[in-house]
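1. output the structure for:
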Amino acid sequence: MTGFSLGALHAQPASAHPDLTAPPTAALIAALGWGDRLGVAAIDPTLSDTAAFVAEYGVTEATAANCVVVAGARNGEERVAACVILANTRADVNGAVRKLLDVRKASFLPLDEAVQRTSMEYGGITPIGLPGKWRILIDSRVTKVPLVTLGAGIRAAKIVAPGALLAELPGAEVIEDLARPVA
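-> Next up is the predicted model:
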């Protein structure tokens, strides 16, 4: 891949710009040999949040993926998962996610804790390069999108990748109806 565009976002191969991803993200991209299979693009970090990003860069919510970190506990054991969903959906945290984690209650990991434990910036957390013991739950809708945008681990960039590529992440689980469409 020599570069490609999605909306007004012009991405270049990640192999040429590891500085546009968080260190654990760059490391996993290199380890998987994905440097030319996905792109990265610099963005204004003040526009990293989904609504502002979509409006500024002409990307639709149906092609913008979000990664949210959810946790719960059972018998004193913490269970954590990263949920990858499209921006036009909401993770079914206390339905599908709770059942998959096999916990009584699931909730979003507190912001400071998510940032510290992922070594990524809030607003840029990506499933690429998360701690190895975490489950990566991907809503099946994401894998059907030819190109999706997602965090790069930093607020100043986005990754552009084939949705199906995310299903190849180590430990990834593609789940039907992990999220619900936004009304």
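
2. C-alpha from now on. contacts and neighbour counts both.
-> Noted.

3. low pLDDT regions in the protein?
-> 1-3 (pLDDT under 70).

4. which stretches in it count as strands?
-> Per DSSP state E, the chain carries strands over the ranges 4-6, 9-13, 39-42, 65-74, 77-86, 89-91, 107-108, 135-139, 148-151, 157-161, 172-175, 179-181.

5. and the first one, how far from the chain's centre?
-> Centroid displacement of strand 4-6 relative to its chain, using Cα atoms, centre = their mean, to the nearest Å, is 18 Å.

6. which elements pack onto it?
-> If you count contacts as 3 or more Cα pairs under 8 Å, 6 or more residues apart in numbering; DSSP states H and E, strand 4-6 packs onto strand 9-13.

7. look up how far Q12 lies from D139.
-> Distance, D139 to Q12, by Cα to Cα, to the nearest Å: 26 Å.

8. now do S5
-> 9 Å.

9. what about V69, neighbour count?
-> The number of residues packed near V69 is 24, by other Cα atoms under 10 Å.

10. go on, A114?
-> With other Cα under 10 Å as criterion, A114 counts 18.

11. sorry, back to before: buried deepest among the strands of the chain, which one?
-> strand 148-151 (a mean of 28; mean count of other Cα atoms under 10 Å).
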